[in-house]
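Participant: Compute the structure for the input listed below.
(4 chains)
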There are 2 protein chains.
Amino acid sequence: MIHKTNRVHLVEQVAIQMEDLIVSGVWPVDEKIPPEMELMKEFDVSRNTLREAIRALVHAGLLESRQGSGTVVRSANALSATLKRYIKKSALLDTLDVRLALEQQAAQLAARHRNETDLATLEQCIEACRQAVRDKDRKKFVAMDTRFHQTVVQASDNQLLIDLYEPLLENISESIEALMDLKTPLKYEEELHLDLFAAIQNKDKRAASVYVEEYIGALKKDAAEMMEE
Amino acid sequence: MIHKTNRVHLVEQVAIQMEDLIVSGVWPVDEKIPPEMELMKEFDVSRNTLREAIRALVHAGLLESRQGSGTVVRSANALSATLKRYIKKSALLDTLDVRLALEQQAAQLAARHRNETDLATLEQCIEACRQAVRDKDRKKFVAMDTRFHQTVVQASDNQLLIDLYEPLLENISESIEALMDLKTPLKYEEELHLDLFAAIQNKDKRAASVYVEEYIGALKKDAAEMMEE
DNA sequence: CTCCTTAAATTTGTAGGATGATTGGTATAG
DNA sequence: CTATACCAATCATCCTACAAATTTAAGGAG
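Facilitator: So this is what the prediction gives:
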């Protein structure tokens, strides 16, 4: 009995094609896709079939339908949306340990693969953080700090690592911000950023790993304290 | 303008309820869910609405519909299926680096949190690997080796880490098996397993981390060689 | 009684139409 | 010009019908 029902149903075919259109950028993020009537003709399927395909991508977080308005592309990354939703249900300390795992490895890879553009971006982020502290602009500081770490991971040149890290960091930033008492003074351990930057610049894997551990360690300590209150 | 379209559509409501039933185990994995006719009455929605909800979970990998037979629960973990599909499109070496990141961190956490049950399972796996080598049973060896590493990660007591690692390891095992020439003699570096076990038993974080790096490093070297051919 | 074939019932897949709800824009009245 | 009322576009939900695949049951041959 070699026979195996390999038939791919219409709905799945349409969903795959639409996913391709999104991932490849033919349907750009934040823009509307054609209305159902047109897509029915385009894919030559019935309204039900088309809607089931759309619904699958909506649930996956790639699309968002708005009654009366249309359907817009929400994300071009299937993993991002699912992971983000999943992380939301996880414990913050668990999430931080995973972040430590990924960023430590990313920093080591970055120490090997970083190019001049990466280094320049990192320096800009550090300077922007410094400026934000001077301006007492907490929002800008968090944004620039986030961008710094994201740049480190991007310099790793490992796409899977990048895609896993991004939703993680986003979630952590939200949690930390929610926990952070606005009265808490904005403190900035600039040395850690500078040390990590130097390690990556000097292609020193070991040092890069150590500094990431220090940074996340401090974050874990802060988070634990904040949650006690 | 505080108003925000917070209306949750019927389809999404049904999908969420069904997802709950799956995750909570009311609808167990590998078993059929009630037919559409019953679910229509149960949720008090039309067939279209119900089917769109089902389709969303099918696409997410939680369900699998078979025409004429019914719909069965395929997985109780929304992340697993998505991640598995995503990893399939990633480069093996990228995947191995992510595995290194996760397993290194997991081993360190395991060195802290491991209990007697974990240690016993690890010892069983090592013994089973040894036996499989004696029997020249490649399939059993891979299965036991996989179980060993999964147990290490499980001992970390970090659910997010566990859920991320599982599909990763599964994919790597498949890739390695596909690459492996069946004529290649079955070699088993037993020392690495024993060393890692000892480190976890002795709660030696540093050593655990080093041995995982050695293990994955050897795997990366093998994979790189195999791909050259 | 057992085994095989065939027919019926069950279940999902696809199609098409109808109506309601929401949104965005347009035209009209002031 | 502004504000209201209206209209068109679009998605949300529901309904019915039939096709395709599978499972189950019935019936007959041995």
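Participant: just checking, what packs against the longest helix along chain A?
Facilitator: Longest helix in chain A, counting residues (DSSP state H): helix A:205-228. When contacts are defined as 3 or more CB pairs under 8 Å, 6 or more residues apart in numbering or on different chains; DSSP states H and E, helix A:205-228 packs onto helix A:92-113, helix A:159-179, helix A:190-201. All C-beta atoms are positioned from the backbone trio N, CA, C, and that covers glycine.
Participant: Can you mark which positions in the helix or strand encompassing A:Ile22 are buried?
Facilitator: Element membership of A:Ile22, judged by DSSP states H and E, is helix A:10-23. Neighbour-count burial for helix A:10-23, with 16 or more other CB atoms under 10 Å in any protein chain shown as criterion, is recorded at A:10-12, A:14-15, A:18-19, A:22.
Participant: filter those residues by proximity to chain B?
Facilitator: Of the residues in the buried residues of helix A:10-23, proximity to chain B by CB under 8 Å from any CB of the partner chain holds for A:11-12, A:15.
Participant: For A:Leu196, which non-adjacent residue is spatially closest?
Facilitator: Once flanking residues are discounted, A:Leu196 sits nearest to A:Tyr211: 4.2 Å by CB to CB, 6 or more residues apart in numbering or on different chains.
Participant: and that neighbour, how far is that from A:Glu123?
Facilitator: Separation of A:Tyr211 from A:Glu123 (CB to CB, to the nearest Å) stands at 16 Å.
Participant: higher neighbour count, these two?
Facilitator: A:Tyr211 (23 against 15; other CB atoms under 10 Å in any protein chain shown).
Participant: Now do the contacts for the residue most central in space within chain A.
Facilitator: In chain A, the C-alpha nearest the mean C-alpha coordinate belongs to A:Glu166, at 2.1 Å (CA atoms, centre = their mean). By CB atoms under 8 Å, 6 or more residues apart in numbering or on different chains, the residues touching A:Glu166 are A:80, A:150, A:153.
Participant: Buried residues, the helix or strand harbouring the first one. List them.
Facilitator: Assigning secondary structure by DSSP H and E places A:Ser80 in helix A:78-88. Going by neighbour count (16+ other CB under 10 Å), the buried part of helix A:78-88 is A:78-84, A:86-87.
Participant: try stretch A:117-126
Facilitator: Going by 16+ other CB under 10 Å, stretch A:117-126 has these buried residues: A:118-119, A:121-122, A:125-126.
Participant: Nearest to B:Asp137 among the residues you listed?
Facilitator: A:Asp118 (47.1 Å; CB to CB).
Participant: and the closest one, how far is that from A:Arg112?
Facilitator: From A:Asp118 to A:Arg112 the distance is 12 Å (CB to CB).
Participant: what residue ranges in chain A score low on pLDDT?
Facilitator: A:1-6, A:180-187, A:229 (pLDDT under 70).
Participant: Nearest to B:Arg206 among the helices and strands packed on helix A:205-228 would be which one?
Facilitator: Ranking the helices and strands packed on helix A:205-228 by proximity to B:Arg206 (CB to CB) places helix A:92-113 first, at 13.7 Å.
Participant: could you point out which element follows that closest one?
Facilitator: helix A:116-134.
Participant: quick check: angle from that following helix to helix A:92-113?
Facilitator: Angle, helix A:116-134 to helix A:92-113, by axes from the mean of the first three to the mean of the last three CA atoms, to 10 degrees: 140 degrees.
Participant: the inter-axis angle of helix A:116-134 versus helix A:190-201?
Facilitator: Interaxial angle, helix A:116-134 versus helix A:190-201 (the same axes, to 10 degrees): 180 degrees.
Participant: So the closest residue to DNA strand C within chain A: helix, strand or coil?
Facilitator: With CB to the nearest atom of the strand, the shortest gap between chain A and DNA strand C falls at A:Gly68, namely 2.0 Å. Three-state assignment for A:Gly68 (DSSP: H, G, I helix; E, B strand; the rest coil): coil.
Participant: What does it show for phi and psi?
Facilitator: phi 90, psi -30 (degrees, to the nearest 10).
Participant: since we're on it, how many residues are nearby?
Facilitator: Residues near A:Gly68, counting by other CB under 10 Å: 4.
Participant: Distance-wise, check it relative to A:Arg85.
Facilitator: Distance from A:Gly68 to A:Arg85, by CB to CB: 26 Å.
Participant: Which residues does stretch A:167-184 contact?
Facilitator: A:79-81, A:83-84, A:87-88, A:92, A:95-96, A:98-99, A:102, A:138, A:142, A:146, A:149-150, A:219, A:222-223, A:226-227.
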